[in-house]
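Kindly return the folded structure for what I paste below:
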Amino acid sequence: MTATERRDWLIVGGAFLVIAVVSSVWMAVDRRPPEWDNANHLERAVQCSRDLRTGDVRGILERSSFYPPLVLCLAGAGMLLGLSDAAAAGAVMVGFLGLGIAAVYLLGRALADGTVGVAAALLFGSAPFVVFSTLRFQLDLPLAAMVALALAVLLATDGLTRRPMALAFGVVCGLGMLTKPTFALYVLVPVIMVLARGGRRGVANVLLATLVATVISLPWFGPRLFGLQAQFGARAFRQAAEAGYPETLSLAGVTFYPRMLLQQFGVGASLLFALGLVVAAWRRQWLMLGTLLGPFFVLSVLIQNKNLRFTLPLLGVMAVIAALTLTTLPRGVRRGAVIALVLLGAVQVAAIVSGIPPNVRLPWLGVWWVPGSTPMRADWQHAKILALLEQDRRGAPATVSVVPNDNFFAVSNFRYYAVRDRLDLRFVRAWGDPPLGIDYMILKTGSLGPQWTADKAIRVSERLARDPALARVFPVIGEFPLPDGSTATVRVRRVPPVDAAPAAVAAAVEAALRRRLGDVVRDVERLQIDVAYDDAIRAGRIGRVEIRMAAATFGEFARSRTPTLRVRDIQVVIEDFLVNPWSALEGRLDPLDAGRVRFESATLALADLQAYLAALPRLRGAVVAADGDALLVTVRQAGPDVSARVRLQPAADRPFALEADHVRVGLVPVPDVLVNWVIRNYDPSARIAARLPFPIELGRISVSGEALRISAAQR
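Coordinates of the predicted model:
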């Protein structure tokens, strides 16, 4: 290492040390609850720590459907070393900040010289959104660091002709994919461009690098290969539409990232970057321009979901392009520009972590100068609310509905705290109608979160306010003032007995149940309802309800265009049924819970089942036919179709278990050892079980006579 390189590393290391110390002090002072994804990642880090302690590799690989385990389990490993969950997460983020700064320096030095590398590293490390992201346990800063490292190693392969470096590139890519699945988006274009430069000599090495990356990442990605497409689609479009993001190709959508650039990258760095685009084109830095513009086009034009986290991995390349501008300035001007940028970077960091100088909105753009994040010391009362729940439930497992979705007061942070503290509590979002399976409710006045989720919370609050019968069986057991001036309320399900004869309550329940069935069944033939009860029915407790129908059409008729399914020979038994007797006497059935629901018998004609599947968006191309005692199911989709012989079996932890054989992807048979990798992405049983408020059992399921039959329920 030359003296110049040592000086460069001292500058880069010194800058990282300053930002790391500032970030660490902020983390030690701040007491805000983790927000949304931050809380979800911390929860999984705690779980991974326990998996590592017990050697549960399967748990590590299966814990999440979309987020890989690398970053989360690094934090989990930190917990095993004695760090708290928050300290371990913070250490991981600071570590990836250092990796990102170092990788950007190497990238700039490889493309130009050490001066560009140092400037790029400083611009990246002091970028407002990089500092902001360091303070939160998210995957995007680690992703940005891995992308920058991959690009630096790619350049060191000399057009993918140096095999050892190509293999190292494969290792980095494998770890990058285990950081976040979108890693491939940011490295695909530069790999193609470098391979084109290297010619045929690089083809073998890129194949070896791909093999290495595949070996590293396949244990996690393999079981999810067929499901990731749907996951990406849901996040990129469906969830974006629900959240109110502008449509693709709209002016607001296309200009989102350019309008937010100053807040994300900083005023000075953004100016240098704009000039650097011209400099890079003039110097024929096509690799850097392609690396930037390819993913940027996809994110800004083709994908509806917009978030500064998505373009954070591009800031390393943008920092190098911005640093190129400095090399075109006269020596005296360059020195002044560097001093100004260092001072501006220090001011940006101070404004983010301390609010000094105060944050202001940029004229014409209407966005904040920096993403301010001053430490928060206020108590959002999670610990006291959880203590109240622990005291009240007296060791019994309980389901808690967290109605608001405020970033500091949502189901995500309550669930994280419960997992961290090993509380036997199940947290769910705002309940629908009625509050099935809900033991406790946590409500909040004032801000309830984003509008697209707040509407449901508002409906819950309004329902409790206008329905005395419901409020009566969910009395308030605690109220807590919150830092935003609102009040949190905790309600518990306690059903006081009505002053009426058991027979009168039973008759009211049966009549109300007949009316309630109209929400889910139509065209009913020969409906029979038997209610087995004793005096406990006055408090809403019914030992057994049996429902028989010769035929009925099932659907969620409260929704428009609901898919419907015609079923015959129906017998359903509800055990330990809990209803609201107060609302039943008013003529309305509000079921509250059940010990178990058993489908004793039902018959579905395969033609009716086929019509039902055709009405489901995700399975619109599915074809179902009888194949002996099994179903032959073919899922037609973009890419190769998937087909399999399927049997449905009773299961203890879900309504049914799906067993498949003769699985094919296109014309290719899938080996038995890999069948689960394919079928798990089409098996709805786990998702159904996760959403059920109480156990549902099916009897023996068989296929005969072009019909699917349920009979002889398991006990």
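
Quick check: phi and psi at Ser601.
Ser601 adopts backbone torsions of phi -160, psi 150, taken as degrees, to the nearest 10.

Excluding chain neighbours, what is closest to it?
In space, and not counting its chain neighbours, Ser601 is closest to Gln571: 4.4 Å by C-beta to C-beta, 6 or more residues apart in numbering. In this view, the C-beta of every residue, glycine as well, is placed from N, C-alpha and C.

ok, Ile442 - contacts?
Each residue near Ile442 by C-beta atoms under 8 Å, 6 or more residues apart in numbering is listed here: 385, 400-404, 414, 488-490.

possible to save those as CSV with neighbour count and secondary structure?
Written out in CSV, the entries for the contacts of Ile442 read as follows (neighbours: other C-beta atoms under 10 Å; DSSP: H, G, I helix; E, B strand; the rest coil):
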residue, neighbour count, secondary structure
Ile385, 22, helix
Val400, 24, strand
Ser401, 22, strand
Val402, 26, strand
Val403, 27, coil
Pro404, 29, coil
Phe414, 22, helix
Ala488, 23, strand
Thr489, 19, strand
Val490, 21, strand
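
can I assume Leu111 is in contact with Arg284?
No. Counting by C-beta atoms under 8 Å, Leu111 does not reach Arg284; the two are 11.4 Å apart.

between those two, which one's more packed in?
Comparing Leu111 with Arg284 by neighbour count (other C-beta atoms under 10 Å), the higher total belongs to Leu111, at 23 against 8.

How about the contacts made by Ala269?
When contacts are counted by C-beta under 8 Å, 6+ apart, Ala269 touches 123, 126-127, 318-319, 322, 341.

Please list the members of those that lie in strands.
For these, not one is inside strands, with DSSP state E as the criterion.

So for those residues, which is the shakiest by pLDDT?
Across these, the bottom pLDDT score, 89, is held by Leu341.

Pull up the gap between the residue nearest to that residue when sequence neighbours are not counted and Pro128, please.
With sequence-adjacent residues excluded and distances taken as C-beta to C-beta, 6+ apart, Leu341 is closest to Gly268, at 5.2 Å. Plainly put, Gly268 is 11 Å away from Pro128 if you go by C-beta to C-beta, to the nearest Å.

again with Pro669
Looking at Pro669 against Pro128, where the rule is C-beta to C-beta, the gap reads 53 Å.

Tell me which of the two has more neighbours.
When neighbours are counted by other C-beta under 10 Å, Pro128 comes out ahead of the other of Pro669 and Pro128, with 26 against 11.

Is it correct that that one is in contact with Phe265?
Yes. Pro128 is in contact with Phe265 according to C-beta under 8 Å; the separation is 7.3 Å.

Tabulate the CA atom coordinates of stretch 580-595 in CSV.
Extracted in CSV, the C-alpha atoms of stretch 580-595 (Å, rounded to 0.1, in the frame of the first residue of the first chain):
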residue,chain,number,x,y,z
ASN,A,580,-73.0,-12.1,22.2
PRO,A,581,-76.4,-12.8,23.9
TRP,A,582,-77.2,-9.1,24.2
SER,A,583,-77.1,-8.5,20.4
ALA,A,584,-78.9,-11.9,19.8
LEU,A,585,-81.8,-10.6,21.8
GLU,A,586,-81.8,-7.6,19.6
GLY,A,587,-82.1,-9.9,16.5
ARG,A,588,-78.5,-9.8,15.4
LEU,A,589,-75.9,-12.6,15.8
ASP,A,590,-72.4,-11.5,16.7
PRO,A,591,-70.3,-14.7,17.0
LEU,A,592,-67.3,-14.1,19.2
ASP,A,593,-65.4,-17.4,19.3
ALA,A,594,-65.5,-21.1,18.9
GLY,A,595,-63.6,-24.0,20.3
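
can you pull the buried residues of that stretch?
Residues of stretch 580-595 classed as buried by neighbour count (16 or more other C-beta atoms under 10 Å): 580-585, 588-594.

Name all residues that make contact with the residue nearest to Thr214 when sequence neighbours are not counted.
In space, and not counting its chain neighbours, Thr214 is closest to Gly174: 7.3 Å by C-beta to C-beta, 6+ apart. For Gly174, the contacting residues are 212-217, taking C-beta under 8 Å, 6+ apart as the criterion.

Which secondary structure state does Asp661 sit in?
Secondary structure, DSSP: H, G, I helix; E, B strand; the rest coil: Asp661 is strand.

From Val635, how far out is it?
Using C-beta to C-beta, Asp661 is found at 16 Å from Val635.

More neighbours: which of those two?
Shown here are Asp661 and Val635; by other C-beta under 10 Å, Val635 has more neighbours (19 against 13).

That one contacts Asp641, correct?
Yes. Contact criterion C-beta under 8 Å: Val635 and Asp641 qualify, at 6.4 Å.
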